[in-house]
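Peer 1: what shape does this take:
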Amino acid sequence: MSAAGMGGPAGMAGTPVVAGTDGMPGLVGLDATLATDIATSLAAGVACVAVILWIARTPSRTFLERRTVPLLVTLAADYLLRVPAWLAPEGHLLRVGEDLVAAFHPIAMALLVEALLRRHLPLRVKWSVVAGAALTLAVALLPASAREPVYAWAQPVVMVCTLGLLATQLWRNRRAGLAREETRLIAGVVVAALLAVPLVAGDAGPWRAFLPNRFDAIAGLLFVRVLVTPPAMDGVRDALSGSLRALLRAVVIAAVVLVLLGAATPTLAAHVATVLMALLLLFEVFDRVRGRERLALEARLLRWLAAAPRDDFDGWRRALRHAPLGGDALVLDHGDLDDDDRDALAHVSEQLGPVLSDARLREAALAQPPERRAAFAHVRDLLALHDATHAGVLGLAPVRLLLANVPQVAGRDTDVRLAAIVRSGREAAGAHVRAA
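Peer 2: Down below sits the predicted model:
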């Protein structure tokens, strides 16, 4: 999780100035610090909008995706409102609007955490989050003369406390009946939250006088990058290595650029490296949304499909624990299901195919007349009973069912991968039936 800090960049008095704080001409007539902070905020806002649009274009949105949208919307609105707000004088309506949007970050973050854990947060945690949001909102509504100095402390402190509280809840409950893919995603979110703590804390009060730039937009980009991590990737390793890789690339490219320009100063180097890191993370988000980073997962799936038994169902079931997205999958045999289960599965799979997701079942049920929705509701109840998001019908005579829990944000190709696994299982089950 990330948070957006409020108030203007260091050294900014509400209006842009021509020279940077280091005596260097500013970017496009702006103060160099202000120009850098605007560039990183724009990059973070664009990343949030890209994922929101991807989710919006997905006809069957998962519960996790629906819970992710409010946080992405508040982050995007905050980051993008900063540009005109920071160029406006103190007390301007745009600045108040930006602060009001940011006040809802803690609540949106708590909603996402509940979706990741698939359970309600403890009541004391909920009240703490609401209290933090209420405090931030109250400070944002103060008169301009009192709001600016108080908000410079209040908002970063509230966000740091919220990040720490929610990250602790995620880590403590990461193995509480959750699938392996869910645990990996939660681990990545926890790493992003912990990295965000010092980045957001740097926005508080006098720290701004010692830091060359604001870094909370970088925290937002790291969080969005984690959200679109392909399923089955190691969350901790991916988050840490991705952050370190982006930082090293930004530093190296900044050093090369400054050497070529012959204008290397510590402050300028910090500005250039910060902007480059934001752009590198933005491009990584674009790549992941478009699926380029999923190639490694596709290779793993192909290797598994090539090695999985096709004429031995028991062997295929044992091999399933090594399949991408299938490590925690559950296979139910004919005897594990009652007649109502079998009838509903036969009816629904005939219309939707062998791979059934909760989101797809919900959407398909709405398109049915009321008297024909019972089978879809029955299969959704079956998924809920086993804490599954997807089902794969491996056979109907006898009935065999694969149940998997795959968390996904902007993961439209999950059904395709599961379809490949299910097809190999149907072949193994068919061979087993023929042999019997």
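Peer 1: quick one: low-confidence parts of the stretch 101-250 of the chain?
Peer 2: The model of the stretch 101-250 of the chain has pLDDT under 70 over residues 204-210, 231-235.
Peer 1: at 90 what do you get?
Peer 2: Where the stretch 101-250 of the chain drops to pLDDT under 90, the residues are 101-103, 117-119, 136-157, 171-188, 191-192, 195-217, 219, 225-250.
Peer 1: kindly report the same for the stretch 251-400 of the chain.
Peer 2: By pLDDT under 90, the weakly predicted segments of the stretch 251-400 of the chain are 251-277, 280, 284-347, 349-374, 383-392, 394-400.
Peer 1: residue ranges for the strands of it, please.
Peer 2: Secondary structure of the stretch 251-400 of the chain (DSSP state E, counting those that start in this stretch): strands located at 330-332, 355-357, 390-396, 399-404.
Peer 1: okay, the ones you listed in CSV with mean neighbour count and distance to F215 next?
Peer 2: Quick note: C-beta positions are derived from backbone N, CA and C, even for glycine. Below are the strands of the stretch 251-400 of the chain laid out as CSV (neighbours: other C-beta atoms under 10 Å; distance: least, C-beta to C-beta, whole Å):
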stretch, mean neighbour count, distance to F215
strand 330-332, 18, 43
strand 355-357, 25, 38
strand 390-396, 24, 38
strand 399-404, 24, 38
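Peer 1: so can I have CSV of those strands showing distance to V46?
Peer 2: Output for the strands of the stretch 251-400 of the chain, formatted as CSV (distance: least, C-beta to C-beta, whole Å):
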stretch, distance to V46
strand 330-332, 40
strand 355-357, 29
strand 390-396, 31
strand 399-404, 33
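Peer 1: what residues of stretch 304-316 count as buried?
Peer 2: Judged by neighbour count (16 or more other C-beta atoms under 10 Å), stretch 304-316 contains these buried residues: W304, A308, P309, F313, W316.
Peer 1: and the residues you listed, which is closest to L111?
Peer 2: Ranked by distance to L111 (C-beta to C-beta), the buried residues of stretch 304-316 are led by W304 at 35.0 Å.
Peer 1: which residues touch the spatially closest residue to that closest one that is not a sequence neighbour?
Peer 2: Sequence neighbours aside, A323 is the residue nearest to W304 in space, at 4.9 Å (criterion: C-beta to C-beta, 6 or more residues apart in numbering). By C-beta atoms under 8 Å, 6 or more residues apart in numbering, the residues touching A323 are L301, W304, A308, A329, I421.
Peer 1: correct me, but the third one touches W316?
Peer 2: This points to A308. Yes - between A308 and W316 there is a contact under C-beta atoms under 8 Å: 5.6 Å.
Peer 1: find residues that contact each of the two.
Peer 2: Counting by C-beta under 8 Å, 6+ apart, the contacts common to A308 and W316 are S424, A428.
Peer 1: buried set for the longest helix along the chain?
Peer 2: Scanning the chain for the helix with the most residues, using DSSP state H, yields helix 144-172. Neighbour counts over helix 144-172 (16+ other C-beta under 10 Å) mark 147-148, 151-152, 154-163, 165-167, 169-170 as buried.
Peer 1: same question for stretch 255-269.
Peer 2: With burial defined by 16+ other C-beta under 10 Å, the residues of stretch 255-269 counted as buried are V257, L258, T267, L268, A269.
Peer 1: do stretch 122-137 as well
Peer 2: Result for stretch 122-137 [16+ other C-beta under 10 Å]: buried residues V125, S128, V129, G132, A133, L135, T136.
Peer 1: show me what the helix or strand where the third one lies is packed up against.
Peer 2: Same thing as V129. Counting by DSSP states H and E, the element that carries V129 is helix 123-140. Contact here means 3 or more C-beta pairs under 8 Å, 6 or more residues apart in numbering; DSSP states H and E; on that basis helix 123-140 packs against helix 93-102, helix 105-117, helix 144-172.
Peer 1: need those in TSV with distance to P230, can you?
Peer 2: Listed next are the helices and strands packed on helix 123-140 as TSV, based on distance: least, C-beta to C-beta, whole Å:
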stretch	distance to P230
helix 93-102	30
helix 105-117	17
helix 144-172	20
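Peer 1: do you know how far the most centrally placed residue in the chain is from H334?
Peer 2: When C-alpha atoms, centre = their mean is applied to the chain, the residue found nearest the centroid is L227 (2.2 Å). Separation of L227 from H334 (C-beta to C-beta, to the nearest Å) stands at 39 Å.
Peer 1: same check, this time on A365
Peer 2: A365 is 25 Å from H334, by C-beta to C-beta.
Peer 1: more neighbours, the two?
Peer 2: A direct count of neighbours by other C-beta atoms under 10 Å for A365 and H334 places A365 higher, at 18 against 14.
Peer 1: verify the contact between the more buried one and F376 for me.
Peer 2: Yes - between A365 and F376 there is a contact under C-beta under 8 Å: 3.7 Å.
Peer 1: which residues does R426 contact?
Peer 2: Contact analysis of R426 by C-beta under 8 Å, 6+ apart lists P354, V393, L394, G395.
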